[in-house]
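Participant: Build the 3D model from these lines:
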Amino acid sequence: MSTSEFNSKSASKRTLAYVVITIATALCGGIYEYFGHGVYSYYMLYAFAIPLLCGVLPNSIAAIRGTPKPHKAAYNLYNSGVATLTVGSFFEGVLEVYGTTNSLVFIYLYIGVCLLILGIIAHIIFCIKDKT
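Facilitator: Below is the predicted model of the structure:
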């Protein structure tokens, strides 16, 4: 089995995992909204878009292109960023449905984006390091 074939299978497995996470997130948001007695939050409704756009899409592209498998540190940073943004979106949605606010919710956004960027930078650094 060639390295690109291995990387493609690995990316396909990651894509499938993110598809499951996206569906689970959409179901949880839908169920929460259904029992919300007509009160809804766009943060809750569209929380599924985060794992869809940040997980399914890039991993699908990686599977098609056969890009190198990410280093474990880069992979963990990136996935932590996706998880942080998803949980933050749910949390903001719960607060909106409940009818309250919290001044610290923005921290989810900043930490999530920073983790995503660090994961991408780490992936690029490890790819350059592996080529030399």
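Participant: most centrally placed residue in this structure?
Facilitator: With distances taken as C-alpha atoms, centre = their mean, the residue of the chain nearest its centroid is Val82 (2.9 Å).
Participant: That one sits in which helix or strand?
Facilitator: Assignment of secondary structure by DSSP states H and E places Val82 within helix 72-98.
Participant: Show me what that helix packs onto, helices and strands only.
Facilitator: If contacts are counted by 3 or more C-beta pairs under 8 Å, 6 or more residues apart in numbering; DSSP states H and E, helix 72-98 sits against helix 3-34, helix 42-45, helix 49-51, helix 106-131. The way it works is simple: take the backbone N, C-alpha and C, and place the C-beta from them, glycine included.
Participant: Compare the mean pLDDT across these and name the weakest.
Facilitator: Taking each of those in turn, the one with the lowest mean pLDDT is helix 3-34, at a mean of 83.
Participant: what helices or strands is that helix leaning on?
Facilitator: On the basis of 3+ C-beta pairs under 8 Å, 6+ apart, helix 3-34 makes packing contacts with helix 42-45, helix 49-51, helix 57-65, helix 72-98.
Participant: distance of Leu104 from Ile125?
Facilitator: 31 Å (C-beta to C-beta, to the nearest Å).
Participant: what does Gly112 give?
Facilitator: As judged by C-beta to C-beta, Gly112 and Ile125 stand 20 Å apart.
Participant: neighbour count winner among these two?
Facilitator: Gly112 (22 against 13; other C-beta atoms under 10 Å).
Participant: I'd say the more buried one and Phe91 touch.
Facilitator: No. Gly112 is beyond contact range of Phe91, at 11.5 Å (criterion: C-beta atoms under 8 Å).
Participant: Return every residue with contacts to both of the two.
Facilitator: In terms of C-beta atoms under 8 Å, 6 or more residues apart in numbering, Gly112 and Phe91 are not both contacted by any residue.
Participant: most packed of the helices and strands packed on helix 72-98?
Facilitator: helix 49-51 (a mean of 21; mean count of other C-beta atoms under 10 Å).
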